[in-house]
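**Q** Give me a model of this one.
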Amino acid sequence: MARTRLACASIFLFVFVLAACNGPEATTPSPSASVEPAQTQVPTITGTPVQQAFSPICEVSPTKGQGIPDPAHDISVEGSTGEHPGWNRYLDTNNGFSFVFPPDWELIQRLDALCLSAQSDPKTKLVIGLKPAGWDGNIQQQGASMGQITSVGRVLFLGQPVEEEIYTAGGKATAVLFNNGTEITAGDMAFSMSLGVYPTTSSPAEISPSIEATAEEILRSFSLMTVTHWTSVSPDGLLVAVQTSARPEDESDLKQVYQRLDIAHTNGIVLWTPVERWQEEALGMTYYQPVRWSADSQTFFFTQAVWGDGCVVFPVNGSTLEKVDSVTGKVTELFEGWAFTIALSPDETQLAYIAEGHYELVFRDLASAQERRVDLDPGWDFQAGYLYWSPDGNNLALTLANWPCQTNDLNIEPFAQSTSTVLVNTATLEVRTLISEDPDHRIVLGWKSNTEIELKDPAGNKSLYDIERGIVSDE
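**A** Down below sits the predicted model:
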């Protein structure tokens, strides 16, 4: 049976109170990329938040100069097989949450509230107040006119059953409260939700059942996201490549991963967003990884690394090779293959990679696409990884894992019985085994000079191998 109670106040008004005298800085994600990339200023709200009381009603579109950030990403998931195909997806990469809303609804973002409304009924708004959970103060609903509040059940919001109550005045449903209008903590965020007609009057309009039902679906679609980033600064220090990845937390029903690559000035101005996508989370999916900037800082090389399973003892650092021109924003695919480990030559003309199966080393000329192959087979089961070009490009050092996944030491890395250090002449393709079946389980870490290879054992101890003298010494 529905539960009813009387609420006493003169005018129904949603007011969110946010007290955050010692809270962290608030920032917003950069705007989404358009079909024709354009230069965009990344909005940032800085400073210490102060106590404030206001009504986050989105009657007027926010503009710069009001202290209100630009909208964050609202991305359409075309062809989605989920519960709401064709709906837009909003993703907050700063605070780590996502939800969907219909394409005929509008979303306006304010500093600490999101307002959604249907184009067919713009005065009825779903208002979602938000703040980091660690900030002082509460976000809460205050005030209601004479009438009844009736409990109509619960809505599942971020895994929590939240009570839904309808405010009735003059026989009309004029507002909907969730969780009694008080905040809900989920993950690192706190939320407060309400549905009302704005502007408020002494004789408010009625909320339609269809708008209420859609608002419930929007709230049910909320997912917490784990957001990660990597950055790569150009040699001249003027540009930075920033990758953002957001994946649903384990209990979420969302099974898609968001990825975005931005090329920006180090002062925060985004030049291009060459890559932005949602991808089904499954074995075989790829994720973007940095390779490096060109020596002249004009080109950024990146790769898509496959997310695999099974006995793979070396990190998969790349499966493809692409580049983006920092002047034009144009992306060019240089290698579309199925590699497990890649390494770009110092002069940026060749790509060395370990082909699928972990057994064969391939040198690919990026201009002609011609390939030279090297058989690394030592005569037993093995995998190859950790490829490093010498600074002059004349040699390539790599590590072999001997008898991979065939050891009782579960803490050893790579997970194999032993390792070998191998040197390949990049001109003649001559293969030299410098250290065979290394009992110290060392791996190649890079080059210190054209004649010295850096090695590291599982304990983190580093050493140098001199390729001319054939000796190992402590670094």
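**Q** can you give me phi and psi for the most far-flung residue of the chain relative to its centre?
**A** What lies farthest from the middle of the chain is residue 170; by C-alpha atoms, centre = their mean that is 47.9 Å. Residue 170 adopts backbone torsions of phi 60, psi 30, taken as degrees, to the nearest 10.
**Q** how close does it get to residue 182?
**A** Separation of residue 170 from residue 182 (C-beta to C-beta, to the nearest Å) stands at 26 Å. (Each C-beta comes from the backbone N, C-alpha and C, glycine too.)
**Q** And this structure, what are its domain boundaries?
**A** Domain segmentation of the chain under automatic domain parsing yields 4-221, 280-474.
**Q** which stretch among the ones you listed comes nearest residue 234?
**A** Proximity to residue 234, assessed across the domains of the chain by C-beta to C-beta, is greatest for domain 280-474 (3.9 Å).
**Q** Let me see the mean pLDDT of that closest one.
**A** For domain 280-474, mean pLDDT rounds to 90.
**Q** Endpoints of it, how far apart?
**A** 46 Å (C-alpha to C-alpha, to the nearest Å).
**Q** so how far is it off the chain centroid?
**A** 26 Å (C-alpha atoms, centre = their mean, to the nearest Å).
**Q** which residues does residue 277 form a beta bridge with?
**A** Taking DSSP bridges as the rule, residue 277 bridges to residue 259.
**Q** Residue 397 now?
**A** When bridges are called by DSSP bridges, residue 397 pairs up with residue 388, residue 423.
**Q** What of residue 90?
**A** Counting by DSSP bridges, residue 90 is bridged to residue 74, residue 99.
**Q** So what touches whichever strand or helix holds residue 446?
**A** According to DSSP states H and E, residue 446 maps onto strand 443-449. Identification of contacts with strand 443-449 by C-beta atoms under 8 Å, 6 or more residues apart in numbering yields 386-391, 397-399, 413-414, 419, 421, 453-456, 462, 464, 475.
**Q** Likewise for stretch 155-167?
**A** With C-beta under 8 Å, 6+ apart as the criterion, stretch 155-167 contacts 7, 12, 97, 144, 147-154, 173-180, 184, 186-187, 191, 193, 212, 216, 219-220, 222-224, 251.
**Q** same deal with stretch 370-383?
**A** With C-beta under 8 Å, 6+ apart, stretch 370-383 has contacts from 312-314, 355, 358-365, 384, 400-404, 406, 414, 416, 420, 422, 424, 429, 431, 433, 436.
**Q** got the end-to-end distance for it?
**A** Terminal-residue distance, stretch 370-383 (C-alpha to C-alpha): 24 Å.
**Q** Stretch 95-115 now?
**A** Taking C-alpha to C-alpha as the measure, stretch 95-115 stretches 17 Å from start to finish.
**Q** do stretch 447-456 as well
**A** Start to finish, the residues bounding stretch 447-456 are 12 Å apart (C-alpha to C-alpha).
**Q** can you offset everything so residue one is 281?
**A** Understood, numbering begins at 281; the last thing we discussed is stretch 727-736.
**Q** circling back to that earlier point, looking at the contacts of strand 723-729, which are in strands?
**A** Mapping these onto strands (DSSP state E) picks out 666-669, 677-679, 699, 701, 733-736, 742, 744.
**Q** Put the buried members of those residues into a ChimeraX selection.
**A** Entered in ChimeraX, the line below selects the buried ones among these, by 16 or more other C-beta atoms under 10 Å:
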select :666,667,668,669,677,678,679,699,701,733,734,735,736,744
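**Q** With respect to residue 556, which of the ones in strands among the contacts of strand 723-729 is nearest?
**A** Among the ones in strands among the contacts of strand 723-729, and counting by C-beta to C-beta, the member closest to residue 556 is residue 667, at 29.4 Å.
**Q** Can you tell me how far that closest one is from residue 595?
**A** In terms of C-beta to C-beta, residue 667 sits 11 Å off from residue 595.
**Q** which residues are in contact with both of those two?
**A** What both residue 667 and residue 595 touch, as defined by C-beta under 8 Å, 6+ apart, is the set residue 621.
**Q** circling back to that earlier point, could you identify the buried members of the contacts of stretch 650-663?
**A** Buried among the contacts of stretch 650-663 by 16+ other C-beta under 10 Å: 592-594, 635, 638, 641-644, 664, 680-682, 684, 694, 696, 700, 702, 704, 711.
**Q** Inside helices: which ones of those residues?
**A** Here DSSP state H is the test, and the buried ones among the contacts of stretch 650-663 give no hits in helices at all.
**Q** Identify those among those residues that sit within strands.
**A** For the buried ones among the contacts of stretch 650-663, membership in strands holds for 641-644, 664, 680-682, 684, 696, 700, 702, 704, 711, with DSSP E as the criterion.
**Q** which one among the residues you listed gets closest to residue 372?
**A** Of those, the one sitting nearest to residue 372 (C-beta to C-beta) turns out to be residue 644, at 40.2 Å.
**Q** Which helix or strand contains residue 515?
**A** Assigned by DSSP H and E, residue 515 belongs to no helix or strand.
**Q** contacting residues for it?
**A** So residue 515 contacts 573, 575, 576, 577 (C-beta under 8 Å, 6+ apart).
**Q** Which pLDDT value belongs to it?
**A** 97.
**Q** Repeat that for residue 475.
**A** 91.
**Q** State the distance from the closest residue to it other than its chain neighbours to residue 368.
**A** Distance criterion C-beta to C-beta, 6 or more residues apart in numbering; nearest residue to residue 475, sequence neighbours excluded, is residue 456 at 3.9 Å. Distance, residue 456 to residue 368, by C-beta to C-beta: 22 Å.
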